[in-house]
Every structure is written in C-alpha cells, then in structure tokens.
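Chemist: sequence first, then the predicted structure, then my questions.
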Amino acid sequence: MVASTELNEVKAKDDLINLLEFEIVRMHQEDAKPGWTTWALVGSIATILWVALKELQDHAGKIELNHVLYCLVFFAVAWEALVDIKNMVLPWPTSRRVSRFWHSHAILGGARLQMLGYFLWYGCLLMVTIVLPIIPQKFAFWMAVIVLSSNVVAVLGGFTASYVSFPFSPLVGGKGAMTVGLVLKALIGIVLISALMGSLLSLPWSISVEEVKVGLLAFSESLLLLRLLELGTQNPFLSTLTDVRRLLGLGQIDYKVAKKQTEIALRGMDASEVLRPHIESILSMYRQIAVIQKAAFNELTALAACLPEGEVPLTDQQKTLMDSVLKSTDQKVDAACRLMVEVSDGFKRFDKRIKNLTIWFPQASTDIQQSVKELREKLEEVSQEIIEPSKEIKNQMHRFQQLIIKGTSGRHDSANPPS
C-alpha cells in the first residue's frame with residue numbers, strides 16, 4: 001500500500017515535470033515570434049531611415065515639417081482605429097480563464113520597456129499636436145488631443161501597475177463593459193479620421209505626395225521601433241515556470257507547492273485565493289484574542305482555586321490578590337476588545353474588497369460570491385468560539401467583584417478554559 005502511494009506520487013511528479021517542460025518550450029516558441037527577428041527589424045529600420053533621408057535629400061526645400069507631422073499624426077490615429085476595429089470584431093474567449101486573477105506586477109512587469117516606448121510615442125505625438133499648429137480645425141484638434149491623451153494615460157497606468165501588486169482579471173468591467181469600451185474607442189477613432197480628412201479642405205497649405213511619403217516612412221519607422229521593443233518582452237510566467245521546474249527537480253520544493261505555483265501561473269488564482277490574505281489577517285487577530293482569553297481564564301481559575309470553600313470572610317491579602325488578578329484580567333479584556341474593533345474594521349475592508357472586485361470584474365462575480373460564502377461560514381464558526389469564552393470570563397469577573405464587595409469567599413467551579 002505504501003509502495004503504491006509512493007509510485008503514484010512519483011508518477012504525479014513526473015507528469016508535472018513533463019507539463020512544465022511542455023509549457024516552457026511553448027512559451028519559448030511564442031516569444032520567438034516567427035517572421036520577426038532582431039536582425040530583420042534592425043535591417044528594416046535602417047532601410048526605412050535610409051529611404052526617408054534620400055527623400056529629404058532629393059526634395060530639399062519642398063518638404064515642410066508641419067505637413068509631415070500632420071501626416072504622421074493622421075497615420076498613427078488611423079492605425080489605432082484599425083486595431084480597435086479588429087479587437088472589436090474578434091471572437092471573445094469562452095473559457096473560465098476570464099474569472100481567474102493574476103497579480104498585476106507578474107503580468108505587466110516584463111513589458112515595462114515596451115510600455116515606456118508607447119508612452120514616449122504617444123507623448124511625442126500629443127506634444128507635437130499641442131505645440132505645433134499642424135491641425136487648424138478646432139474639432140479635429142481637440143479630438144486628436146483627447147485620443148492621444150487617453151492613450152498616454154492608459155500606458156502610464158499600465159506602467160505604474162507593473163510596480164504594484166493587485167489582483168487583475170482579463171475582462172475588466174466584464175464582457176459588456178469591454179465591448180462598449182472597444183466600440184466607443186473605435187467610433188472615436190473613425191470620427192477623428194473623418195475630422196482630419198475634412199480638415200484637409202480647410203488647410204491654408206496643400207500636402208504634396210513627397211510629404212505624405214516621408215510621413216508614412218516616419219510612421220513605419222516608429223511602428224518597427226515599437227515592434228523591436230515588443231520582441232524583447234518575454235512571457236511573464238516563463239521565468240516562474242522555469243524556477244518551479246528547477247526547484248522541483250532539485251527537490252527543494254514538494255509536489256503540492258510546485259503544482260499550486262504552476263496552476264497559478266497557467267490558470268491564475270480563483271477568488272478565494274485573492275481574498276485569503278484578508279481572511280488570514282482576521283483569523284490572526286482571532287487567534288490573538290483566543291490566546292488572551294485563555295490567559296485571562298487561567299488567571300481567574302487559579303484565583304478561584306486559592307479561595308476557601310463556603311462563606312468565609314476574605315483576608316486583606318486575599319482581597320489584594322483578587323484585586324490584582326481582576327486588574328490584570330481587565331487589561332486582557334481591554335486588549336481583546338481592541339482586537340475585536342480591529343476585526344470589525346477588517347470585516348469592513350473585506351466587504352469593500354469584495355464590492356470592488358465584483359464591480360471591476362463582474363465576469364468573476366459567481367466565483368467571488370461562492371468563495372465569500374464559504375469564507376464567511378468559516379469566520380462565523382471562529383467568531384462563536386471567541387464570543388462564548390468572552391461571556392464566561394465576564395461572568396467570572398463579575399462574580400469576583402461581588403465577592404470583594406461582600407467581603408466573603410466561596411469556592412466556584414469554573415468552566416473549562418477556551419481552546
């Protein structure tokens with residue numbers, strides 16, 4: 001029987017190692033991005049730069065910077081609109097991965113260089129649009145400023161989120177909110193393209209074919225530079241799986257820990273795992289209260305054992321002892337009450353966290369509610385274990401206070417101490 005169990009454990013470990021190796025190879029192949037290599041991108045960037053410089057040399061004096069920048073902004077906005085339309089018409093994922101969570105820094109940490117590149121790209125386009133008078137029509141100007149500003153804020157938000165840790169699920173706001181957002185973004189892009197094309201009619205100058213050509217070359221150069229930054233972005237979970245594979249092979253982590261880390265990396269965390277730190281914090285305070293209660297109960301039990309049986313007058317020494325024990329117990333009760341206040345605040349933060357998760361990630365609301373129900377049942381059980389001893393301690397303290405007032409003692413069989 002023992003041998004069979006050991007064989008099953010070895011087989012499970014081997015299966016996990018095979019899964020890790022398969023996923024690591026797959027992620028390496030995805031990161032390779034067939035058709036795009038560093039040398040190919042560098043060569044393309046150099047070629048486009050050479051063609052752009054040749055255009056500027058061949059048509060020196062005929063190409064105006066404002067005209068080129070206008071074309072650059074137009075191509076950038078048109079590209080964004082086409083990408084948004086593509087995302088809008090793509091089929092939505094149907095798996096339950098949308099109800100799972102990952103830590104934001106784990107997902108975004110490897111893409112910081114890429115996000116920094118996009119921030120500089122959108123930021124430069126925004127500054128060019130605001131500082132230089134390349135879009136004379138007011139409506140087109142403000143539409144361009146709004147679109148580029150929103151892109152700058154979005155990239156900056158992602159860059160900031162890569163340095164902090166909070167639970168993140170793929171469909172922020174749920175499928176409906178994401179659909180509305182993409183449709184709205186695509187429509188705004190289409191309106192802006194139309195406004196920019198319409199503003200061509202009101203331009204005090206005309207744009208030549210050479211200027212359009214240089215603007216397109218500049219836009220293509222920017223896209224290739226951003227693609228080069230993306231090429232250096234590694235799958236965020238590749239290093240995690242590699243570390244798990246290495247530690248498992250060396251026997252430095254057991255099978256259960258390795259399996260859990262692999263599951264989180266590949267499938268994410270469920271709602272109960274996201275909420276567990278808050279529950280652990282509350283349970284920790286409950287455990288502290290239980291320790292304090294047990295110490296107070298032991299003091300009162302020892303005091304009861306020291307008193308003689310029957311209605312015997314208390315001596316001054318016994319009164320002093322009782323007074324000292326009651327003061328010590330009272331301090332412990334106060335400490336437990338302060339912890340109970342912290343527990344109450346912890347429950348408020350817990351409820352707020354649940355509300356925020358449900359609002360931002362409604363796609364995971366079913367899992368969240370189910371996890372919350374199970375966690376609350378567990379907390380209620382622990383809470384009852386704390387409340388009952390607390391009542392007994394208060395009753396014991398009240399009895400001893402009455403004995404001090406009467407000046408007599410009486411042997412009292414105390415209840416069992418709290419576990």
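Modeler: Perfect, I can see it now.
Chemist: every contact and neighbour count from this point should use C-alpha atoms.
Modeler: Fine.
Chemist: contact partners for Pro167?
Modeler: Contacts for Pro167 (C-alpha atoms under 8 Å, 6 or more residues apart in numbering) come out as 101-104, 274.
Chemist: which phi and psi values does it adopt?
Modeler: Torsion angles at Pro167 (phi, psi; degrees, to the nearest 10) stand at phi -70, psi 140.
Chemist: how's this structure carved up into domains?
Modeler: Following automatic domain parsing, one gets these domains for the chain: 33-236, 271-409.
Chemist: those domains into TSV, with extra columns for distance to Asp254?
Modeler: Shown next, in TSV, are those (distance: least, C-alpha to C-alpha, whole Å):
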stretch	distance to Asp254
domain 33-236	23
domain 271-409	20
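Chemist: and of these, who's closest to Val25?
Modeler: For these, proximity to Val25 was assessed by C-alpha to C-alpha; domain 33-236 is nearest, at 11.6 Å.
Chemist: about what we covered before: of the contacts of Pro167, just say which sits nearest to Cys124.
Modeler: Distance to Cys124, by C-alpha to C-alpha, is smallest for Ser104 among these, at 26.8 Å.
Chemist: enumerate every residue touching that closest one.
Modeler: The contact partners of Ser104, by C-alpha under 8 Å, 6+ apart, come to 161-162, 164-168.
Chemist: got JSON lines for these, with secondary structure and distance to Glu230 too?
Modeler: Shown next, in JSON lines, are the contacts of Ser104 (DSSP: H, G, I helix; E, B strand; the rest coil; distance: C-alpha to C-alpha, whole Å):
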{"residue": "Ala161", "secondary structure": "helix", "distance to Glu230": "18"}
{"residue": "Ser162", "secondary structure": "coil", "distance to Glu230": "16"}
{"residue": "Val164", "secondary structure": "coil", "distance to Glu230": "21"}
{"residue": "Ser165", "secondary structure": "coil", "distance to Glu230": "22"}
{"residue": "Phe166", "secondary structure": "coil", "distance to Glu230": "24"}
{"residue": "Pro167", "secondary structure": "strand", "distance to Glu230": "24"}
{"residue": "Phe168", "secondary structure": "strand", "distance to Glu230": "21"}
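Chemist: just the buried ones from these?
Modeler: 161-162, 167-168 (16 or more other C-alpha atoms under 10 Å).
Chemist: nearest to Ser284, out of the residues you listed: which one, please.
Modeler: Using C-alpha to C-alpha, Pro167 comes nearest to Ser284 of the buried ones among the contacts of Ser104, at 22.1 Å.
Chemist: ok, now how distant is that closest one from Pro133?
Modeler: From Pro167 across to Pro133, the span is 43 Å (C-alpha to C-alpha, to the nearest Å).
Chemist: cool, Lys378 as well?
Modeler: Here the criterion is C-alpha to C-alpha. By it, Lys378 lies 64 Å from Pro133.
Chemist: just Asp84 next, same as before
Modeler: Look at Asp84 and Pro133: by C-alpha to C-alpha, they are 27 Å apart.
Chemist: more crowded one of those two?
Modeler: Asp84 (20 against 12; other C-alpha atoms under 10 Å).
Chemist: what's the pLDDT at the more buried one?
Modeler: Model confidence at Asp84, given as pLDDT, is 75.
Chemist: returning to what we had before: and the domains of the chain, which one is worst for confidence?
Modeler: Looking over the domains of the chain, mean pLDDT reaches its minimum on domain 271-409, with a mean of 75.
Chemist: so how far is it from its chain's centroid?
Modeler: 33 Å (C-alpha atoms, centre = their mean, to the nearest Å).
Chemist: so where do the helices sit in the stretch 251-400 of the chain?
Modeler: According to DSSP state H, counting those that start in this stretch, the stretch 251-400 of the chain carries its helices in the segments 255-267, 271-306, 316-360, 365-406.
Chemist: tabulate the ones you listed (a markdown table), appending mean neighbour count.
Modeler: Output for the helices of the stretch 251-400 of the chain, formatted as a markdown table (neighbours: other C-alpha atoms under 10 Å):
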| stretch | mean neighbour count |
| --- | --- |
| helix 255-267 | 16 |
| helix 271-306 | 18 |
| helix 316-360 | 16 |
| helix 365-406 | 15 |
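Chemist: quick one: closest of those helices to Ile190.
Modeler: Closest of these to Ile190 is helix 316-360, at 27.7 Å (criterion: C-alpha to C-alpha).
Chemist: which other helices and strands contact that closest one?
Modeler: Applying 3 or more C-alpha pairs under 8 Å, 6 or more residues apart in numbering; DSSP states H and E, one finds that helix 316-360 contacts helix 271-306, helix 365-406.
Chemist: rerun at 6 Å
Modeler: Applying 3 or more C-alpha pairs under 6 Å, 6 or more residues apart in numbering; DSSP states H and E, we find helix 316-360 packed against helix 271-306.
Chemist: before we move on, the earlier item: biggest separation within the contacts of Pro167, which pair?
Modeler: Ser104 and Val274 (12.2 Å).
Chemist: can you show me the helices along the stretch 101-250 of the chain?
Modeler: Using DSSP H, counting those that start in this stretch, helices in the stretch 101-250 of the chain cover 104-108, 112-131, 138-161, 174-199, 209-231, 238-249.
Chemist: could I get the ones you listed as CSV with distance to Asn66?
Modeler: Formatted as CSV, those follow (distance: least, C-alpha to C-alpha, whole Å):
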stretch, distance to Asn66
helix 104-108, 36
helix 112-131, 9
helix 138-161, 14
helix 174-199, 14
helix 209-231, 9
helix 238-249, 45
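Chemist: out of those helices, which gets nearest to Asp15?
Modeler: Closest approach to Asp15 among the helices of the stretch 101-250 of the chain (C-alpha to C-alpha): helix 238-249, 11.7 Å.
Chemist: what's the angle between the closest one and helix 255-267?
Modeler: Relative orientation of helix 238-249 versus helix 255-267 (axes from the mean of the first three to the mean of the last three C-alpha atoms, to 10 degrees): 160 degrees.
Chemist: pull out the buried positions in helix 238-249.
Modeler: 238, 240-241, 244-245, 248.
Chemist: can you list contacts of that helix?
Modeler: Residues from elsewhere that reach helix 238-249, judged by C-alpha atoms under 6 Å, 6 or more residues apart in numbering: Ile253.
Chemist: please export the C-alpha coordinates of it as PDB.
Modeler: Output in PDB follows, covering the C-alpha atoms of helix 238-249 (Å, rounded to 0.1, in the frame of the first residue of the first chain):
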ATOM      1  CA  LEU A 238       8.200  31.800 -18.300                       C
ATOM      2  CA  SER A 239      10.700  32.600 -15.600                       C
ATOM      3  CA  THR A 240       8.200  31.400 -12.900                       C
ATOM      4  CA  LEU A 241       7.700  28.000 -14.600                       C
ATOM      5  CA  THR A 242      11.400  27.600 -15.200                       C
ATOM      6  CA  ASP A 243      12.100  28.300 -11.500                       C
ATOM      7  CA  VAL A 244       9.400  25.800 -10.400                       C
ATOM      8  CA  ARG A 245      10.900  23.200 -12.800                       C
ATOM      9  CA  ARG A 246      14.400  23.700 -11.400                       C
ATOM     10  CA  LEU A 247      13.400  23.600  -7.700                       C
ATOM     11  CA  LEU A 248      11.100  20.600  -8.200                       C
ATOM     12  CA  GLY A 249      13.900  18.700 -10.000                       C
END
